[in-house]
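S.K.: the sequence and its predicted three-dimensional model are supplied below.
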Amino acid sequence: MNRFRRAALTALPMACIGFVLWPAASHAAGRAECVSLPSKILARSVPYCVLLPPSYDAEKTRRYPILYLLHGLGDNDQFLIHTGGMNLIEDLWEEHQLSEFLIVTPAAGASFYINSRDGKRRYEDFFLQEFMPGVEKRYRTQPGRGSRGIAGISMGGYGALHIAFRHPQLFGAVGAHSAALIEKLPSISAPDSRQMNILRVLGGAFGSPFDAAFWMQNDPVSIARTANLSGLKIYFDCGSEDEYGFDAGAGALDKLLTSRHIPHEFHLYPGGHDWTYFAQHLPALLGFLSKVFASFPAVHPNLPN
């Protein structure tokens, strides 16, 4: 096992601007491109990285499934590089434990991947109307719902579930580690430190002061109560000692999906809310998505305009 062996691939200097290419090692390996996409909706360019599988450069006519992997609060598009996640994924490819697909990591700030309460940051609109079409035009991707997945960590897990549950016709699978799911909204005046931590994590995306009704409108658990999730493959897990109590939210989603007889895979593992936990279980999430990509026929739904 050579996991995390390429220590030279550490954090990308923040002063670097423009196109960044991480070269592969001498053996077959993937590589990352870090570029940006201009957005009219957000009125700025949005950085993102794409982890390309080992055969991408050699097999010029081959098309690949694509996974949108969303970062957590306080991180950015380069999180797979500076955490060692890229090395972990390259090891899985090298050891033939993972099929080949593109992994795309867009920067999202503290947006929670939604259109903000004040209407000033329409990240969900950008993601669906500009980002996905732009990336899939630039790279050789397979068309169709079954070749497109979305997953995320913490805030990114919330975003992945939110987007997939609202637009299930676009994705074959969704996955999440320690998604920011809340079983019971905290009281603003609550003295409990965990509840205050949750309110701080939610930030301004849901209004300032916090708008509970707007949260419920966007909450993946609330959306899952009525959404048609037929055919969407669902995976999520959480640490049983999650510092923010997201394990209770994950349990609530599990119970809801079970009550609706919606097939899904849920795991509550020992661990907290940190990269050690995420790295330990990332191979299982990627393996789940890999199997989904292999099981779907290629069909072509239109992305939103």
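M.R.: Sure, I can see it. In this text the structure is predicted, and so the values were computed from the model without any measurement.
S.K.: C-alpha from now on. contacts and neighbour counts both.
M.R.: Fine.
S.K.: now do the strands in the stretch 151-300 of the chain.
M.R.: 173-177, 233-239, 265-269 (DSSP state E, counting those that start in this stretch).
S.K.: can you show me the CA trace of the first one as CSV?
M.R.: Presented in CSV, the C-alpha positions along strand 173-177 are these (Å, rounded to 0.1, in the frame of the first residue of the first chain):
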residue,chain,number,x,y,z
ALA,A,173,-25.8,8.7,-7.8
VAL,A,174,-25.3,10.9,-4.9
GLY,A,175,-22.9,10.4,-1.9
ALA,A,176,-22.0,12.3,1.3
HIS,A,177,-19.6,12.1,4.2
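S.K.: which stretches of the stretch 151-300 of the chain have low pLDDT?
M.R.: 186-201, 203, 297-300 (pLDDT under 70).
S.K.: let me see the ranges of the helices in it.
M.R.: 155-166, 193-202, 212-218, 220-224, 246-259, 275-295 (DSSP state H, counting those that start in this stretch).
S.K.: can you tell which of those is closest to Arg117?
M.R.: Closest approach to Arg117 among the helices of the stretch 151-300 of the chain (Cα to Cα): helix 212-218, 7.0 Å.
S.K.: tell me the buried residues in that closest one?
M.R.: 215, 218 (16 or more other Cα atoms under 10 Å).
S.K.: can you report phi and psi for Phe131?
M.R.: Main-chain torsions, Phe131, degrees, to the nearest 10: phi -70, psi -60.
S.K.: then the one 10 residues further on?
M.R.: Backbone torsions of Thr141, given as degrees, to the nearest 10, read phi -110, psi 150.
S.K.: next one: Thr226
M.R.: According to degrees, to the nearest 10, Thr226 has phi -130, psi -10.
S.K.: how many neighbouring residues does it have?
M.R.: Using other Cα atoms under 10 Å, Thr226 has 10 neighbouring residues.
S.K.: quick thing: my sequence starts at 796, can you match it?
M.R.: Shifting the count to begin at 796 puts that one at Thr1021.
S.K.: separation between it and Ala902?
M.R.: 30 Å (Cα to Cα, to the nearest Å).
S.K.: equivalent analysis for Phe1083, please.
M.R.: 24 Å.
S.K.: which one is Gly1082 nearest to, not counting chain neighbours?
M.R.: Residue nearest to Gly1082 in three dimensions, not counting chain neighbours: Leu893, with 6.2 Å by Cα to Cα, 6 or more residues apart in numbering.
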